[in-house]
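K.L.:
let me see the structure of the following:
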Amino acid sequence: MSEDQKNPSGDSTGAPEPTKSRGSNSRSSNGRGSGSRSSGSSSSSGRGSGSRSSNKGVITGVLSAVVILAAGGGAVAATSMVPEPSGGTTVDVRQADVPAGRALGVCPEPARLVNGTVVGTDADFSPVSTTATSALNAVVLSNPAGTVPGSSVASLGGDTVARIAEAPTSTPTPTVGPPVLAAGVASISPVTSPAVVGADALGNEQASLAANLSYSAADGDLRGLASTQCQPPGNDAWLLGANTAVGRTAVLNVSNASETPATVNLELYGYAGQIQAPGARGLLVAPGTTRSVNLGGLAPGESQLAVHVRSTGGPVAATIQQSVLRGIAPGGVEYLSPGAGPSNQQVMSGVDIQDPAGVKALAAKAGFADAVPALQIAVPGSTDAVVQVSLYGANGERKIPNGGVVTVKGGTVATLNLDGVPAGSYTVRASSDVSFLASSRVTRGVKAEDATDFAWSPSSARLGSQHLVAIPREGQRSLSLGVPEGRGTVSYAPVTADGKVGKAVDVDMSGGTTSMIELPEKSGGSVVAGYVVSASGDPVYGALVIGKQGRTDVSVVAIQDAAAGLQKVPVSLGY
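P.N.:
The predicted structure is shown next:
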C-alpha cells in the first residue's frame, strides 16, 4: 500500500520527461484515417427546455350456461362456456433509424484560484500567475465525401464565439474507394470562460468532433500544465485522483449546456469508505451555467477521493481542477476528467515513469509522499476486490516490485505506488472479478527545490475506427499506444490548421508493449491541430501525453470514443 493510504494527509506530485518513439516500427501508407468558485456557488450564462402513456384493457365477457339434467335423481352442472381468446398477431421485429443529434464537447474554464485566496507581497510566491496562458483547439472531421458539417464554438449560454465551418448547402454521397477526408479547425486564445463546441449531424450520422483545452503557467500557485479533452455531456460520470489533504485543492466544476435544469447528486468515496457529506445531493445547475464545488468543504483531509457525479434532467459535463501547494511551493495543477465506468478490467496508457532512484529520494521528503507514480483504485460495490496489476513497456511486461496484487475493500479507494519500476512509458492493465474503477498518476520532477508537476491518466476504452484527437498547438505532444496482449496495428493521420487530413502512418505493435510516438509541430508546412487515429487487431489503448520543453510540466489526456455512426433500435409491434 502507498503512503497515500497510510497517511490521509499525504501529498500530490511531480513527473517524467517525454520519450521519443520507441518500441514500434513505423511506415508510411495511403491516407486513411480510418476557477473556481466557492463551494456550492453558481456562475456563467443562462438559457432555458413527458411523455405520457396510456394502457387500454380489453374485457372479454364470459357466457356461462348451466344446464340441469335430472338422471336417476342426480343433478349435473355443466361448466361455463368460455370462448377461445382471439390469437394475438406480432409483427416481425424491425430496425428503426435513430435521428442523429448535434455532437457536443463541453470545455471547462481555465484553471483559477479558489475565491478568497490571499495575494501575498513576495513576487516569488505570489498566488497569481503573470505567465498563465490558455487555448482551446477544436477539430471537426468531414464525412467520407469530404463535407464538413456546420460547426461552431459557443458560450454555455449559446452565444457564438467562433465559427468552425458553415452548414453545407448539400451533402454529397460518398463514392466507392478510399474516403476523401477534410476538417474544420478553430483555435481560441486566451480562453476566459467555459465553452461548447458543437457540430451538426450529416446524413443522419453524428459528426466526429474533438476539442482540447490547455492551461500553462510558469509561476504562481497554479504553476504547471493542465489539459483536457472537451467532453460530451451525460448523466453519469466517475472522477478519480481528487485530493483534499493539507495543501491540496480539488474544485469540481459541473457545466450544463442544455436547455433543461439539471439536479446533480455526488457520491464520495475515500480511504475509509463512502463519505456521507451534507450538501452533496440536490445541487441545481441551471441551463447554460457552471456550478463549482470545493470538495474540501464536503470531504476534508482525503488524500484519495473518488467522485461519482449523477444528474437528472439536463445532461452535464464534469471535471475537477486539482492543484498542489507544498508549503508555499507550487506542486502542479491538472484537470481530472471522467474515465471508463466500473468494469472487471481497466486499462490506462501514457503512464510515464521517471528515474526510480530520484523518485524514491523525493518521496522520502516531508510533503512529497504523493510525488510518485501510482495506480488509484475505487470499488463502488460492497464486495472486496483483489486486483491484479500489470505494466507493459517498450520491451514488454515489467514486474511491479510488490507483486502487482492489491486487495481493495468494497466501497473504498486505495492507491498502489508504482515506484521502483524502471524509467519509461507504460500501459497499465488492472483486472479483478469484481467491478472497479482506476486511474494512474504520472509525476515529473525529482528535486524538492525545483518545480514539480503531475497528471492523471484515466482508464479508457479500446481504440476502434476513426478516433479524432485534438492537440495543443504548442509544446511537446506524444501519442502513447499500448497493446496488452496479442498484436495490433495503429494508423494515425495528421489534421492541419488549414483543414487538410494528411497521409496516415501505420504502426505494427507486438502484444505486451507500449510505443511512445513523438508528434511533429507541423505537417506539410501547416501547424498540426489534431490526429485521426484508428486501430485494428487485438485491443489497443491510447493517450495523449503533453509537456513543455525544458520544464517539468506534464498532462495526460485519454483518447475519447469515436463518433457513433447511424444507429438503429429494434421496434416490435403487436396486439
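K.L.:
and the helices in the chain?
P.N.:
Along the chain, counting by DSSP state H, helices occupy 3-6, 356-363.
K.L.:
which other helices and strands does the last one contact?
P.N.:
It refers to helix 356-363. On a contact count with 3 or more Cβ pairs under 8 Å, 6 or more residues apart in numbering; DSSP states H and E, helix 356-363 meets no helix or strand. Heads up, the C-betas are built off the backbone N, CA and C, glycines and all.
K.L.:
isn't V507 right up against G482?
P.N.:
No - here V507 does not reach G482: they are 11.7 Å apart, not a contact under Cβ atoms under 8 Å.
K.L.:
quick one: R429 and Q304, what's the gap?
P.N.:
Using Cβ to Cβ, to the nearest Å, one obtains 20 Å as the distance from R429 to Q304.
K.L.:
should've said G424
P.N.:
Per Cβ to Cβ, G424 is found 25 Å from Q304.
K.L.:
tell me which of those two has more neighbours.
P.N.:
Shown here are G424 and Q304; by other Cβ atoms under 10 Å, Q304 has more neighbours (27 against 20).
K.L.:
with adjacent residues omitted, what lies nearest to the more buried one?
P.N.:
V413 (4.6 Å; Cβ to Cβ, 6 or more residues apart in numbering).
K.L.:
show me what contacts the one you found?
P.N.:
For V413, the contacting residues are 240, 269-271, 304-306, 376-379, by Cβ atoms under 8 Å, 6 or more residues apart in numbering.
K.L.:
now do V191
P.N.:
Applying Cβ under 8 Å, 6+ apart to V191 gives the contacts 107, 109-110, 134-136, 213.
K.L.:
biggest separation within these, which pair?
P.N.:
E109 and A135 (12.8 Å; Cβ to Cβ).
K.L.:
still on that earlier bit, of V507 and G482, which one has the most company?
P.N.:
It is G482, of V507 and G482, that has more neighbours when counted by other Cβ under 10 Å, with 32 against 21.
K.L.:
what's across from the residue nearest to T412 when sequence neighbours are not counted in the sheet?
P.N.:
Once flanking residues are discounted, T412 sits nearest to G273: 5.3 Å by Cβ to Cβ, 6+ apart. Counting by DSSP bridges, G273 forms beta bridges with G270.
K.L.:
now do S523
P.N.:
Per DSSP bridges, the residues bridged to S523 are S526.
K.L.:
neighbours of it, how many?
P.N.:
The burial count for S523: 20, using other Cβ under 10 Å.
K.L.:
how about the one 3 residues further on?
P.N.:
Close neighbours of S526, defined as other Cβ under 10 Å, add up to 16.
K.L.:
that one contacts A497, correct?
P.N.:
Yes - if you go by Cβ under 8 Å, S526 and A497 touch, sitting 5.4 Å apart.
K.L.:
for burial, what's the neighbour tally of G502?
P.N.:
With other Cβ under 10 Å as criterion, G502 counts 19.
K.L.:
same check on D498?
P.N.:
Residues lying near D498 (other Cβ under 10 Å) number 13.
K.L.:
check contacts around the closest residue in space to it that isn't next to it in sequence.
P.N.:
Using Cβ to Cβ, 6+ apart and skipping residues adjacent in sequence, the residue nearest D498 is S526, 4.8 Å away. By Cβ under 8 Å, 6+ apart, the residues touching S526 are 496-498, 500.
K.L.:
please apply the same query to V434.
P.N.:
Residues near V434 by Cβ under 8 Å, 6+ apart: 344, 379, 381, 383-386, 410.
K.L.:
show the contacting residues for R473.
P.N.:
Here R473 is in contact with 135, 137, 187, 497, 527, 529 (Cβ under 8 Å, 6+ apart).
K.L.:
flag the shaky bits of this protein, pLDDT-wise.
P.N.:
By pLDDT under 70, the low-scoring segments of the chain are 1-98, 116-126, 174, 564-575.
K.L.:
longest strand anywhere in it?
P.N.:
For the chain, the strand with the greatest residue count under DSSP state E is strand 424-444.
K.L.:
got the buried residues for that strand?
P.N.:
Judged by neighbour count (16 or more other Cβ atoms under 10 Å), strand 424-444 contains these buried residues: 424-432, 434-444.
K.L.:
same thing with stretch 444-456?
P.N.:
Residues of stretch 444-456 classed as buried by neighbour count (16+ other Cβ under 10 Å): 444-446, 448, 451-456.
K.L.:
sorry, back to before: neighbour-wise, which of E109 and A135 wins?
P.N.:
The neighbour count for E109 versus A135, taken as other Cβ under 10 Å, is higher for E109 (25 against 19).
K.L.:
for T290, see how far away the more buried one is.
P.N.:
E109 is 7 Å from T290, where distance means Cβ to Cβ.
K.L.:
need the overlap of contacts for those two.
P.N.:
With Cβ under 8 Å, 6+ apart, E109 and T290 have common neighbours 194, 253.
K.L.:
how near is A242 to I275?
P.N.:
A242 sits 11 Å away from I275, taking Cβ to Cβ as the criterion.
K.L.:
give me the common contacts of these two.
P.N.:
Residues touching both A242 and I275 by Cβ under 8 Å, 6+ apart: E302.
K.L.:
please say which of those two ends up with more neighbours.
P.N.:
The neighbour comparison of A242 against I275 (other Cβ under 10 Å) goes to A242, with 29 against 19.
K.L.:
that one contacts A306, correct?
P.N.:
Yes - applying Cβ under 8 Å as the test, A242 and A306 come out as touching, 7.3 Å apart.
K.L.:
shared neighbours of those two, which are they?
P.N.:
Counting by Cβ under 8 Å, 6+ apart, nothing touches both A242 and A306.
K.L.:
about what we covered before: residues touching the residue nearest to T412, list them.
P.N.:
G273 makes contact with 409, 411-412, according to Cβ under 8 Å, 6+ apart.
K.L.:
out of these, who's nearest G203?
P.N.:
Closest to G203, out of all of the contacts of G273 and judged by Cβ to Cβ, is G411, at 46.2 Å.
K.L.:
tell me how far the closest one lies from V316.
P.N.:
Separation of G411 from V316 (Cβ to Cβ): 24 Å.
K.L.:
which of those two has more neighbours?
P.N.:
Shown here are G411 and V316; by other Cβ under 10 Å, V316 has more neighbours (28 against 17).
K.L.:
residue contacts, the more buried one?
P.N.:
Per Cβ under 8 Å, 6+ apart, neighbours of V316: 233-235, 254-256, 262, 264, 285, 309.
K.L.:
count the residues that sit near D506.
P.N.:
18.
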